[in-house]
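Enquirer: Kindly return the folded structure for what I paste below:
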Amino acid sequence: MRNLVLSILILLLLLAACGGEEPPVKTPTATVQTEASTDVEEPEEAPTETEPTAVATDPAPPTSFLERAKAGEFSGTTVTVFGKWTEAEGDNFVAALAPFEEATGIDVQYEGSAEFETLITVRVEGGDAPDVAGFPQPGLMAQFAKDGVLVDLGQHLNTDQLGENYSNAWINLGTVDNTLYGVFYRASTKSIVWYPVAPFEAAGYEVPETWEEMLALSDRIVEEQG
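Expert: Numbering: from 1, shown residues only. Sure, this is the predicted structure:
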């Protein structure tokens, strides 16, 4: 049927091209000869050069999501953030978000819970995942990345600018299988090594300065004191 319709259309086009009245025959027009003028023609004035005028151009539009946000493109948007920080820590986090909200017009709604590790799994599996999650452990974040539920931040952030502000060690902590899934905004020291100074020095031990020295000292203490 389709081929039949196309054949009819082609036939109609051919008929339209071949049909119609014959084009009118052009008749020669008479030419009028005039005598050459005896007046002396004045030389033409040389054209005056004009300075090129500058063409006003619009500024380049913002390209990064941060620049677009500051330009007001996402004003009125609501972003949900779920993290572990509560009480004073949670209040400080909300206060830190205030300048961002003011500069972009984005409404950031933060929710904190001491049961974050359990609830984030429940919410993701229940289809109630937040827009942004503040993982306290890189290992937990990596597991969610391997499950395919996190977003590739490298597609949304200026990675060159990120490299200017973060060392490779911090960037690697947020990277899984060469894909950036997390950016650290704070760190807490929870694994400080406490030791009795006097017995430590009496045993002839020295404070290690590298990780390798730390491991060697640990093995030595276990061997001598174990």
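Enquirer: Stretch 166-173: which residues count as buried?
Expert: Neighbour-count burial for stretch 166-173, with 16 or more other Cβ atoms under 10 Å as criterion, is recorded at 171, 173. No exception for glycine: its C-beta is placed from N, CA and C like everyone else's.
Enquirer: model confidence over that stretch, on average?
Expert: Average pLDDT, stretch 166-173: 92.
Enquirer: just for the protein, where's the confidence low?
Expert: 1-59 (pLDDT under 70).
Enquirer: Enumerate the helices of it by residue range, in sequence order.
Expert: 2-18, 65-70, 87-104, 116-125, 138-146, 159-165, 168-173, 197-202, 211-225 (DSSP state H).
Enquirer: who wins for proximity to residue 76 among these?
Expert: helix 87-104 (10.0 Å; Cβ to Cβ).
Enquirer: other SSEs contacting the closest one?
Expert: Helix 87-104 makes packing contacts with helix 65-70, strand 78-83, strand 107-112 when contacts are defined by 3 or more Cβ pairs under 8 Å, 6 or more residues apart in numbering; DSSP states H and E.
Enquirer: Name the residues that touch the second one?
Expert: It refers to strand 78-83. Under the criterion Cβ atoms under 8 Å, 6 or more residues apart in numbering, residues 90, 93, 97, 106-113, 116, 119-120, 123, 130-134, 136 lie in contact with strand 78-83.
Enquirer: For that strand, which residues meet the burial criterion?
Expert: Across strand 78-83, burial judged by 16+ other Cβ under 10 Å covers 79, 81, 82, 83.
Enquirer: hey, what's the second one bridged with?
Expert: Looking back up the chat, that one is residue 81. Going by DSSP bridges, residue 81 is paired in beta bridges with residue 110, residue 132.
Enquirer: List the contacts of the most centrally placed residue in the chain.
Expert: Centroid-nearest residue in the chain, with Cα atoms, centre = their mean: residue 156, separated by 1.6 Å. Shown in contact with residue 156 (Cβ under 8 Å, 6+ apart): residue 65.
Enquirer: ok so, going back, what subset of the contacts of strand 78-83 is buried?
Expert: 90, 93, 97, 106, 108, 110, 112, 116, 120, 130, 133, 134.
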